[in-house]
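Visitor: quick one, structure for this:
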Amino acid sequence: MFNRFRNAAFVLLLPLVIILAAPMSAVLNAQTAIGSAEAGDLPCLADALSTTVKTCSAGPAILKWYFCTNPNTSTVYLQIFNSAGTVTLGTTVPALSLGIPASSSAPGAGNSPMSIGFSNAIKVAATTTARGSVAPSTPLDCSFSFK
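Guide: From the prediction side, this is the model:
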């Protein structure tokens with residue numbers, strides 16, 4: 001009976017041993033397979049995101065994923081622009097406008113990275129409407145990854 005429990009413990013611990021013994025590149029490849037950022041992706045922290053437009057990439061880039069937390073009691077819109085020039089909220093049309101539900105977090109991409117191309121730049125802002133210019137009561141906290 002002891003052998004059965006010992007064998008079960010060995011089977012449970014074996015994946016941990018394999019991961020610890022694997023080269024770091026194999027561990028990173030395993031993380032990529034479940035939706036983590038890929039090697040070469042660049043981060044963009046946009047904490048306290050509101051109506052001050054944040055530039056994540058000043059040139060052409062591919063948006064890989066995003067994650068935003070909305071502490072407000074109403075939906076806040078994450079506007080994403082494909083513009084190397086000046087963005088004027090309420091006038092410049094966003095390439096994407098994503099509603100982040102009230103009192104929640106919104107992961108974009110989940111377990112499969114996105115690949116949304118922006119030919120000019122990636123700029124972001126948060127407003128109370130999809131194409132608006134009014135600041136939410138409390139800013140969003142967002143993170144992005146692009147290549």
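Visitor: now do the longest strand along the chain: which elements does it pack against?
Guide: For the chain, the strand that runs over the most residues, judged by DSSP state E, is strand 61-70. Here strand 61-70 touches strand 76-81, strand 96-100, strand 104-108, strand 116-118, strand 122-127, strand 140-146, going by 3 or more Cβ pairs under 8 Å, 6 or more residues apart in numbering; DSSP states H and E. Where you see a C-beta, it was placed from the backbone N, CA and C, and this is true even at glycine.
Visitor: helix or strand right after the helix or strand of the chain with the lowest mean pLDDT?
Guide: Every helix and strand of the chain was ranked by mean pLDDT, DSSP states H and E. The lowest is helix 24-33, at a mean of 35. Next helix or strand after helix 24-33 toward the C-terminus (DSSP states H and E): strand 42-49.
Visitor: so what are the sheet partners of that following strand and their directions?
Guide: Strand 42-49 pairs in its sheet with strand 140-146 (antiparallel), by DSSP bridges.
Visitor: re the thing from before, contact partners of the longest strand of the chain?
Guide: With contacts defined as Cβ atoms under 8 Å, 6 or more residues apart in numbering, strand 61-70 is touched by 35, 37-38, 41, 49, 76, 78, 80, 100-109, 113-118, 121-122, 126, 136, 140-147.
Visitor: now, of these, which are buried?
Guide: Neighbour counting with 16 or more other Cβ atoms under 10 Å marks 37, 41, 49, 76, 78, 80, 100, 106, 108-109, 113, 116, 118, 121-122, 126, 136, 140-147 as buried within the contacts of strand 61-70.
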